[in-house]
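Asker: predicted coordinates and the sequence they were generated for:
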Amino acid sequence: MGKVCVIIGEDDFLVNEAAGKVVGEGVGLEVIDSNISNNEDSQLKDIKMARESYLTAPFFDPSKVTWWKNVRFLPGTRAKGGEGEARTSEPVKEALLEFAKLVAKGGLPQNQSFILSGPKLLMTSVFAKTICQVAEAIVFEKPKGFGAAREATTARVCDRAKELGLVFDREAAERFISVVGEDTRSLYSELDKMRCYKGNDSKVSSSDVSAISSPGAGVDPVIWQVTDALGMRDLGRCLEAVKKFEGDAGFAVMMANTVERFLRQLVEMKDAEVRGKFDEAASGMAPWAARKLQNSLRFWSLNELRVARMRFLDLRERVVSGGDSSGDGVVIELARICRKAAVRR
């Protein structure tokens, strides 16, 4: 019997990559794209086209693959209507279920395959249970929470790097993601570029990332680039990250608040480390976050952190009261608290 595959995920690159393995060289490929099907008429039309393609065997080609892609009106999703968002209509739901029942009967010839892909599908729905009686389901679930999402992205980067013969240490992988972002297509493209850059050398360091990696699609400056660099007492990287936020409304207040909160956390964790209770203090953190924080602590003494925090408490008071709204004080204080980094390293 021919292959039926349901691929669900919000990451277009991962979905397309999985579908590509079924499509192969594209012989006999027929694509039905529902990306802009945002009303009942267009959705019913797409379902009809998918049904007809499913029932039509290959004629002139030795094989046939139907790819019904970007189906955004499956159970568990909302289809955009003319005035905002509306739930999928009852006629569309009924047509989808009838199509699922058709597929569940099986009967595709060996040289024919059918792919259904979309961003979301409620796997407990009648539609999903029906079609998955014969279909292979591939679901790329989006991790919940920042920590889980970062862990999943780091694992994906390391796995892809391994396929390319590259080895990232933990710091380099996190640095790579903070620069490139979490868009899979951008990450894979930058990994290919890193492979060319490294040549016969397989080990990737943070300095390699700084030298060759570029921000990916849609990447805006993120505040953790500032705190990551500050934690390592890397003044150059820190000021480079801060510069991306200059000109934003309330820059000085926002940056003073961010740095003070981060330093407060470092003070608490350093104090716990000194008392031999770091693991206890970090018990509520994601593992990757605890490791990063512990790595940062080795660049600071407890007294240095306390002094640094007091400096930014004072700076925050000044900028909030309007006494230092230019942002120059942020740069000056960052330089002051990072200046012993070279000696400590």
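Answerer: Received it, and whenever you're ready, just let me know what you need. Numbers count the residues shown, from 1 in each chain.

Asker: which residues touch the residue lying closest to Val253 once chain neighbours are set aside?
Answerer: Leaving aside its chain neighbours, Val253 sits nearest to Val319 (5.2 Å; criterion: C-beta to C-beta, 6 or more residues apart in numbering). Backbone N, C-alpha and C define where each C-beta goes, glycine included. Listed by C-beta atoms under 8 Å, 6 or more residues apart in numbering, the contact set of Val319 reads 252-253, 256, 325, 329.

Asker: worst-scoring helix or strand of the protein, pLDDT-wise?
Answerer: When the helices and strands of the chain are scored by mean pLDDT, DSSP states H and E, strand 84-86 comes last with a mean of 42.

Asker: all strands of the chain, in order?
Answerer: Counting by DSSP state E, the segments of the chain that form strands are 4-9, 29-33, 64-69, 79-81, 84-86, 112-118, 136-140, 167-168, 203-204.

Asker: I'd like the ones you listed as JSON lines, with mean neighbour count and distance to Leu191 appended.
Answerer: Putting the strands of the chain into JSON lines (neighbours: other C-beta atoms under 10 Å; distance: least, C-beta to C-beta, whole Å) gives the following:
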{"stretch": "strand 4-9", "mean neighbour count": "23", "distance to Leu191": "20"}
{"stretch": "strand 29-33", "mean neighbour count": "16", "distance to Leu191": "27"}
{"stretch": "strand 64-69", "mean neighbour count": "23", "distance to Leu191": "25"}
{"stretch": "strand 79-81", "mean neighbour count": "16", "distance to Leu191": "34"}
{"stretch": "strand 84-86", "mean neighbour count": "10", "distance to Leu191": "36"}
{"stretch": "strand 112-118", "mean neighbour count": "23", "distance to Leu191": "24"}
{"stretch": "strand 136-140", "mean neighbour count": "15", "distance to Leu191": "18"}
{"stretch": "strand 167-168", "mean neighbour count": "20", "distance to Leu191": "9"}
{"stretch": "strand 203-204", "mean neighbour count": "18", "distance to Leu191": "9"}
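
Asker: mind checking which of those strands is nearest Ser296?
Answerer: Nearest to Ser296, of all these, is strand 167-168, at 18.7 Å by C-beta to C-beta.

Asker: for the record, mean pLDDT for that closest one?
Answerer: Across strand 167-168, pLDDT averages out at 89.

Asker: who touches stretch 14-24?
Answerer: Contacts of stretch 14-24 (C-beta under 8 Å, 6+ apart): 3, 5, 7-9, 29, 65, 67, 69, 113, 115, 117, 138, 140, 184.

Asker: buried ones in that stretch?
Answerer: Residues of stretch 14-24 classed as buried by neighbour count (16 or more other C-beta atoms under 10 Å): 14-16, 18-19, 22-23.

Asker: Lys243 and Ala229, how far apart?
Answerer: Distance of Lys243 to Ala229, given as C-beta to C-beta, to the nearest Å: 12 Å.

Asker: could you do Gly247 as well?
Answerer: Relative to Ala229, Gly247 is positioned 19 Å away (C-beta to C-beta).

Asker: more neighbours, those two?
Answerer: More crowded of Gly247 and Ala229, by other C-beta atoms under 10 Å: Ala229, with 23 against 8.

Asker: contacting residues around that one?
Answerer: Residues near Ala229 by C-beta under 8 Å, 6+ apart: 235, 237-238, 240-241.

Asker: quickly name whichever of the contacts of stretch 14-24 is closest to Cys158.
Answerer: Distance to Cys158 across the contacts of stretch 14-24 (C-beta to C-beta) is lowest for Thr184, with 13.5 Å.

Asker: related to what we said a few turns ago, per-residue pLDDT, the residue nearest to Val253?
Answerer: Val319 is given a pLDDT of 86.

Asker: same question, the one 4 residues further on
Answerer: At Gly323 the predicted local confidence, pLDDT, stands at 64.

Asker: what do you get for the one 10 residues further on?
Answerer: Glu333 is assigned a predicted lDDT (pLDDT) of 91.

Asker: likewise the one 10 residues further on?
Answerer: Per-residue confidence for Val343 comes out at a pLDDT of 46.

Asker: domains in the protein, by residue range?
Answerer: As given by automatic domain parsing, the domain ranges for the chain are 4-140, 146-212, 224-344.

Asker: OK, contacts around Ala272?
Answerer: For Ala272, the contact set (C-beta under 8 Å, 6+ apart) comprises 278, 280-282.

Asker: let me fix that: Asp12
Answerer: Counting by C-beta under 8 Å, 6+ apart, Asp12 touches Arg185.

Asker: what's the distance between it and Ala19?
Answerer: Taking C-beta to C-beta, one finds Asp12 at 10 Å from Ala19.

Asker: now swap in Ser321 and tell me
Answerer: Noted for Ser321: a distance of 58 Å to Ala19, by C-beta to C-beta.

Asker: nearest spatial neighbour of Ala308, skipping sequence neighbours?
Answerer: The shortest distance from Ala308 to any non-neighbouring residue, by C-beta to C-beta, 6+ apart, is to Ile337 (4.0 Å).

Asker: measure the residue nearest the centre of the chain to Pro215 for me?
Answerer: Residue closest to the mean C-alpha point of the chain, counted by C-alpha atoms, centre = their mean, is Glu182 at 3.4 Å. Counting by C-beta to C-beta, the gap from Glu182 to Pro215 is 11 Å.

Asker: good, wrapping up.
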